[in-house]
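# sequence plus predicted model, see below.
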Amino acid sequence: MTDSKYFTTTKKGEIFELKAELNSDKKEKKKEAVKKVIASMTVGKDVSALFPDVVNCMQTDNLELKKLVYLYLMNYAKSQPDMAIMAVNTFVKDCEDPNPLIRALAVRTMGCIRVDKITEYLCEPLRKCLKDEDPYVRKTAAVCVAKLHDINAQLVEDQGFLDTLKDLISDSNPMVVANAVAALSEIAESHPSSNLLDLNPQSINKLLTALNECTEWGQIFILDCLANYTPKDDREAQSICERVTPRLSHANSAVVLSAVKVLMKFMEMLSKDLDYYGTLLKKLAPPLVTLLSAEPELQYVALRNINLIVQKRPEILKHEMKVFFVKYNDPIYVKLEKLDIMIRLASQANIAQVLAELKEYATEVDVDFVRKAVRAIGRCAIKVEQSAERCVSTLLDLIQTKVNYVVQEAIVVIKDIFRKYPNKYESVIATLCENLDSLDEPEARAAMIWIVGEYAERIDNADELLESFLEGFHDESTQVQLQLLTGIVKLFLKKPTETQELVQQVLSLATQDSDNPDLRDRGYIYWRLLSTDPVAAKEVVLAEKPLISEETDLIEPTLLDELICYIGTLASVYHKPPSAFVEGGRGVVHKSLPPRTASSESAESPETAPAGAPPGEQPDVIPAQGDLLGDLLNLDLGPPVSGPPLTTSSVQMGAVDLLGGGLDSLIGGTNFVAPPTAAVPASLGAPIGSGLSDLFDLTSGVGTLSGSYVAPKAVWLPAMKAKGLEISGTFTRQVGSISMDLQLTNKALQVMTDFAIQFNRNSFGLAPAAPLQVHAPLSPNQTVEISLPLSTVGSVMKMEPLNNLQVAVKNNIDVFYFSTLYPLHILFVEDGKMDRQMFLATWKDIPNENEAQFQIRDCPLNAEAASSKLQSSNIFTVAKRNVEGQDMLYQSLKLTNGIWVLAELRIQPGNPSCTLSLKCRAPEVSQHVYQAYETILKN
């Protein structure tokens, strides 16, 4: 007897049995067999071998069996594309079945079979179903088009399915409309350039009609689609808002948030003076409050969205503070989010209530929450000045509790309060010093050291306190070490005789014994400052500190506007734009709020456009120097920007890589390729098509061909500082184009090649509009003259002085940096002539404290000569009067960033001095405009 019997079996195995059952004549047995196959498939067994047998079961009238077969088909069609073609005939047949459920089922399955070979066979059945008399079939077919487009976009376009989808927006059945909108939105999202959802007032009307009768998810699709529409005026915006408002009372929170998104977006277009605007604000509060009674996960999403809404329009929820008070059983993530919103809503009216609540939170058991509550008290002090006194006493009470982590957080926030209100609360320093020994967290230790260093003159034993920190210098975190180094240097500058040993000890610890480059560099800078020029050291280290602003964690305005357009989506929970977390080839479209209408500007709005500016075109606000790294190392030396202007705000978004590989290309030398010449528009300086013809008499404002005054070239970069490269230059403005006229001289012994230029961010966004073209290598002792066209669409950052321009020039030898001051008159645009009435209204409108007076001496010109000289530099005379023998010229000019400056020039015939009065909404510009006047009139 051999052992072969163990390897043979009479049992044919599970697959064989299922095969037999599938081919059985009995319907019940067939159905059971298909159920077994689906069960095996669901638990992960491979039953693809049964494909032909299962497909044979499709020829049945039993709906349940059909559904199961279709399910199997969707799963295995991808791995068995050749077999799947067998099923095509059945699809085509099922699409003509008298039962609409079967027709819809066939279409749905067709869309889910992602096999390229089959798609063309499915076009005919799909076309029929899109025009089916039953709405259930049409709505299913609409979604199928989007799925088919994902597999083969070209096929869908060639077959004309997109036009059929657009027609379905006018369908009589609301569910068909909703699905058509969803399908078109989905397709448009993957192809941002295609203008599929071509919305107009008629189609919007159809969508709003369908909105009332759709299922909840259909309503969301329609609302999201409405949010992408920009109404033509405030009346249309109001009528859409009126029809969307009832959705706020929907039970589904997703519908509520989508409706809020539409209303928040269209409110931008409504004037704040309208009664309806106030009504809308009142209607928005209750639904948002209702969202907070849902389960914690939904509450969290709602709170993240409310956080954005409160930053954009705090007035909506200003009376609803109580709903954000924390409940004992809230999860920690909800508690922290509520705290954040409480601080944003804190105002003089409710501060007492908020402080009492926060003090209560500070005695909770959850450490993270307590810390955040203590921080919140500090933030309230900084935000609501009237409450600072109460906040400080509350913090002192908390310090008396001696709970370690409470004390540490309190010290961190008191440091910020000192920064906000100098010389007001320093009496509490003694209490803080008592708790020195209990501090063990880096942030608290660093804050305490900052306080001791900053107020060393008020603390008798400051040197002993700082010395006690110095004993374990190497065990401290970097934050503490850096703060300690600065603190001791401050102390030395205030009490030099007593602390000489201490400062030498800390400098040698920082420079000789430390591995941290930041610490070493800071140590060396202090060492050199103190050894070469103690007076300069004092000016640098003990300089006046700018006051800290109340809301340090507000989202940057342009990003906030974009996030408002994404309310109710993941972006609103992350507080990041989709481009920051969506990967893959799908183009993410940047959304923004519609421009405000002229009437919607009100006295409340701090960014009111100047009276001369056209509606919706606000002047660029120059960000403070501290907001952005004004460091030339951050220059991105890629090709210059040509084409549509960049918005300045895009620079401040976290996702932008500031280095952007720029320096490598600059220093690399050999592999730096000069970018292709960008076409420079004829009038780079002037905003194109600003639509001001109705306000301004543009005929006389056309730039004269003579061009504005050009200063003689000056040496900007001496050869000694640039390894033999000498750069001289000046700036010109001719017929709307700004240029930098450069003269490059090679005073070295070697040939210079590979020139490139880049500007740092500056006050008016000046940037090269083309590469620096030096066509031939620059030989020793050779000079070349180049005119570099400039644009004003670069990144903006307020410089000191305002007209400072930092430049980096690179050649094959090295990278060289220099800075120069450009005359402001190169930024005066050609359409800067204001209408008389407008001039008068604007002059009255600008506050008197913004007026500045200057004397221009040694200028023996009469009024006519002065006026024509100034006009050639785009300073336009609006009106002229003679008062008591004095000639008065009323003049206007406009800068490239939309800022208007109004002037009154008084000339006394026979007197060589004249008086200039300037009025402007940005008074920091006045001094530089005066210098421009002086330069133009005297040359």
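Received it, and whenever you're ready, just let me know what you need.
# please count neighbours and contacts with C-alpha atoms only from this point.
OK.
# the most centrally placed residue in the chain and Ser572, how far apart?
With distances taken as Cα atoms, centre = their mean, the residue of the chain nearest its centroid is Leu559 (2.8 Å). Distance of Leu559 to Ser572, computed by Cα to Cα, to the nearest Å: 11 Å.
# ok, back up a step: quick check: the residue nearest to the centre of the chain touching Pro577?
Yes. At 7.4 Å, Leu559 counts as touching Pro577 under the criterion of Cα atoms under 8 Å.
# mind listing what Val925 touches?
Neighbouring residues of Val925 by Cα atoms under 8 Å, 6 or more residues apart in numbering: Leu802.
# burial measure for Ala49, as a count.
13 (other Cα atoms under 10 Å).
# please apply the same query to Ser79.
11.
# part of a helix, is it?
No. If the criterion is DSSP: H, G, I helix; E, B strand; the rest coil, then Ser79 is coil and not within a helix.
# for it, give me phi and psi.
phi -80, psi -20 (degrees, to the nearest 10).
# kindly provide the distance from it to Leu18.
Using Cα to Cα, Ser79 is found at 20 Å from Leu18.
# ditto for Ala808
Taking Cα to Cα, one finds Ala808 at 77 Å from Leu18.
# try Leu502
Taking Cα to Cα, one finds Leu502 at 89 Å from Leu18.
# who's more crowded, those two?
Under the neighbour definition other Cα under 10 Å, Leu502 and Leu18 were set side by side, and Leu18 has more, 21 against 18.
# got the contact list for the more buried one?
By Cα under 8 Å, 6+ apart, the residues touching Leu18 are 33, 36-37.
# any weak-confidence spans in the stretch 1-150 of the chain?
For the stretch 1-150 of the chain, the stretches with pLDDT under 70 are 1-2, 4-13.
# try 50 this time
For the stretch 1-150 of the chain, the stretches with pLDDT under 50 are 9.
# all helices of it, in order?
14-22, 27-42, 51-56, 63-76, 81-84, 88-94, 100-112, 116-130, 135-151 (DSSP state H, counting those that start in this stretch).
# out of those helices, which is the most enclosed?
Across the helices of the stretch 1-150 of the chain, averaging neighbours per residue (mean count of other Cα atoms under 10 Å) puts helix 135-151 on top, at a mean of 24.
# just put the contacts of Leu18 in CSV and tack on distance to Leu223.
As requested, the contacts of Leu18 are arranged in CSV below (distance: Cα to Cα, whole Å):
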residue, distance to Leu223
Ala33, 45
Lys36, 43
Val37, 42
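# closest one of these to Asp754?
Val37 (70.1 Å; Cα to Cα).
# returning to that earlier point: for the helices of the stretch 1-150 of the chain, could you give me CSV that also reports distance to Ile875?
Listed next are those as CSV, based on distance: least, Cα to Cα, whole Å:
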stretch, distance to Ile875
helix 14-22, 91
helix 27-42, 79
helix 51-56, 83
helix 63-76, 73
helix 81-84, 74
helix 88-94, 75
helix 100-112, 66
helix 116-130, 64
helix 135-151, 57
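# do you know which of these lies nearest Val406?
For the helices of the stretch 1-150 of the chain, proximity to Val406 was assessed by Cα to Cα; helix 27-42 is nearest, at 54.5 Å.
# helix 14-22 and the closest one, what's the angle between them?
Per axes from the mean of the first three to the mean of the last three Cα atoms, to 10 degrees, the angle that helix 27-42 makes with helix 14-22 is 150 degrees.
# and helix 27-42, what does it pack onto?
helix 14-22, helix 63-76 (3 or more Cα pairs under 8 Å, 6 or more residues apart in numbering; DSSP states H and E).
# so for Thr42, which of those helices sits nearest?
Per Cα to Cα, nearest to Thr42 of the helices and strands packed on helix 27-42: helix 63-76, 9.8 Å.
# hmm, who's touching that closest one?
31, 34-35, 38, 48, 51, 54-55, 57-58, 60, 84, 102, 105, 109, 112-113.
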